[in-house]
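A.B. asks: structure for the following, please:
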Amino acid sequence: MSVPPHAAPQTFPARGSHREARRIGALLRKESVGGILLVVMAGIALVWANSPFADGYFALRDLEIGYEPWHLKLSLGAWAADGLLAVFFFLVGLELKREFVVGDLRDVRTALVPVIAAVGGVVVPAVIYLAVVGPDPALLRGWAIPTATDIAFAVAVLAIIGSHLPSGLRLFLLTLAVVDDLIAIVIIGVFYTDDLNPMPLPAALLGLALYAALAQRRRGFFLRHRFAAWAILLPIGVAVWAFVHASGIHATIAGVALAFMIPVKPADGSSDAGLAEEFEHRFRPLSAGFAVPVFAFFAAGVTVVGDGFVQTVTHPVTIAIVCALVIGKPLGIVAATWITTTVTRSRLSDGLRWVDLVGVGMLAGIGFTVSLLIGELSFPAGVAHDAAKTAILGASVIAALAASVLLGLRNRRYRAISEREALDEDGDGVPDVYQQDA
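C.D. replies: Model prediction:
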């Protein structure tokens, strides 16, 4: 896409509307709380799995419950990965649809830079992973592990150390993560669907059609009656999830499909919140406060002490994932952004610098939730499986610390600029100082 010579260059991140800025701020606060809880639960799992009581942790994770004739007798760990994460992906689907229908991504010019940046942040880590593990077919299956970004964890870090960072930087991170999640959903659906059983799919599609019809035609009813969705839509959604799970398609895809059926705009065309936004408010506490932390608890428990420690940390999968997340993510994101802005004559918003995007790229190296899920799908229990988990946890910590240092220094710079502006006596806003110091 090119810009005519007479046209002003497109700026990204765009500042967006006041309502959008308020929504992004509220989302950051909610996600940061969920991210902190996520880290706490993962920490508990790690400590327990490496304690003298580790057998109790693994026995709990592998405890099977459910109804066998419906193919739903699963371990608690599988229930967390297939069931609880469907709630998380339902929220991801709502956010995706909202961004593309009424959010900043509805404008192709605004969406172009973060979309291509997200693609770069997927392709480069995958290439690095493949280059490190070599031609071993048993290890190649994990190529997608370092392609994901954990939005809750990354936003939690940004919220803690980024009080004065430009709002455009936060918007860029959230947009990047939303597109990243979309790519991860496609990867899971296309590359990690084994033993497809088409028999349950017609029932899943019928249930999805009924769900969509009710949500579209009775959106006002579900807005006015808070418990109607729990009593009517939720059972249909659970049935769709069960049929998708029985088909062999990863059940989290059902969460995304259901979310795409929820209308974003109000039926009367007013500026009031639509059903998708209302469902975000209702389901986000369930996702951030329970579903994702419980998944992290069951997924993060890996033994990192003992005789196999050296074998695990030196395994090709470990080295590949750490390099891909810590180096590949920021390299892919910044390189793709630079290429896009150069070709399209776009530019970063005022006051935002390339070093800030490097910090965001480092934050994107926090793979965690979705990376752990893809790791579970990539390798059976064994050394490669444990190596993948260890690498994801280690790389996420390294990426978080590196981003915290860099963005913390940038935050101090922006805070100093903000204080100088507040003390300015002539009221000119000192844009020249802002441009020089940033």
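
A.B. asks: buried residues, the helix or strand hosting Asp181. List them.
C.D. replies: Element membership of Asp181, judged by DSSP states H and E, is helix 167-191. Of all the residues in helix 167-191, those buried under the rule 16 or more other CB atoms under 10 Å are 167-185, 187-188. For glycine as for every other residue, the C-beta is placed from the backbone atoms N, C-alpha and C.

A.B. asks: could you do stretch 148-165 as well?
C.D. replies: Quick answer for stretch 148-165 (16+ other CB under 10 Å): 148-159, 161-162, 165.

A.B. asks: remind me which residues of the stretch 51-200 of the chain are low pLDDT?
C.D. replies: 104 (pLDDT under 70).

A.B. asks: all strands for it, in order.
C.D. replies: Under the criterion DSSP state E, counting those that start in this stretch, strands of the stretch 51-200 of the chain are mapped to 64-65, 74-75.

A.B. asks: chain center to the first one, what's the gap?
C.D. replies: Offset of strand 64-65 from its chain centre (CA atoms, centre = their mean, to the nearest Å): 28 Å.

A.B. asks: tally of neighbours for Gly220?
C.D. replies: For Gly220, the neighbour count with other CB atoms under 10 Å is 12.

A.B. asks: separation between it and Ala228?
C.D. replies: Distance, Gly220 to Ala228, by CB to CB, to the nearest Å: 11 Å.

A.B. asks: re earlier: export the strands of the stretch 51-200 of the chain to JSON lines and tack on distance to Ala381?
C.D. replies: Shown next, in JSON lines, are the strands of the stretch 51-200 of the chain (distance: least, CB to CB, whole Å):
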{"stretch": "strand 64-65", "distance to Ala381": "15"}
{"stretch": "strand 74-75", "distance to Ala381": "11"}
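
A.B. asks: Phe279 and Glu95 touch, don't they?
C.D. replies: No - using CB atoms under 8 Å, Phe279 makes no contact with Glu95, being 10.7 Å away.

A.B. asks: distance of Gly328 from Ile145?
C.D. replies: 11 Å.

A.B. asks: between these two, which contacts overlap?
C.D. replies: Common contact partners of Gly328 and Ile145 (CB atoms under 8 Å, 6 or more residues apart in numbering): Tyr129.

A.B. asks: contacts for stretch 117-131, please.
C.D. replies: By CB under 8 Å, 6+ apart, the list of residues contacting stretch 117-131 reads 140, 142-147, 149, 172, 176, 179-180, 183, 320-321, 323-325, 327-329, 331-333, 335-337, 339-340, 361, 364.

A.B. asks: buried among these? Make that a PyMOL selection.
C.D. replies: Buried residues within the contacts of stretch 117-131, by 16+ other CB under 10 Å, are selected in PyMOL with:
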select buried, resi 142+143+144+145+146+147+149+172+176+179+180+183+320+321+323+324+325+327+328+329+331+332+333+335+336+337+340+361+364
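
A.B. asks: how far away is the nearest residue to Ala384 once chain neighbours are set aside from Val92?
C.D. replies: Spatial nearest neighbour of Ala384, chain neighbours left out: Val317 (5.2 Å); criterion: CB to CB, 6 or more residues apart in numbering. Distance from Val317 to Val92, counting by CB to CB: 26 Å.

A.B. asks: repeat that for Pro146.
C.D. replies: To Val92, Pro146 is 19 Å away according to CB to CB.

A.B. asks: swap in Val122?
C.D. replies: 16 Å.

A.B. asks: what do you get for Ser163?
C.D. replies: 26 Å.

A.B. asks: could you do His281 as well?
C.D. replies: 15 Å.

A.B. asks: and what of Pro263?
C.D. replies: For Pro263 relative to Val92 (CB to CB), the value is 17 Å.

A.B. asks: the two: who's more crowded?
C.D. replies: The neighbour count for Pro263 versus Val92, taken as other CB under 10 Å, is higher for Val92 (25 against 17).

A.B. asks: burial count for the residue nearest to Ala384?
C.D. replies: Quick note: Val317 (other CB under 10 Å) scores 28 neighbours.

A.B. asks: right, and Pro200 touches Trp241 too?
C.D. replies: No - applying CB under 8 Å, one finds Pro200 not in contact with Trp241, separated by 11.0 Å.

A.B. asks: in terms of neighbours, single out the busier of the two.
C.D. replies: Neighbour totals were compared for Pro200 and Trp241, and Trp241 leads with 24 against 17 (other CB under 10 Å).

A.B. asks: mind listing what that one touches?
C.D. replies: Contact analysis of Trp241 by CB under 8 Å, 6+ apart lists 83, 86, 251, 254-255, 258.
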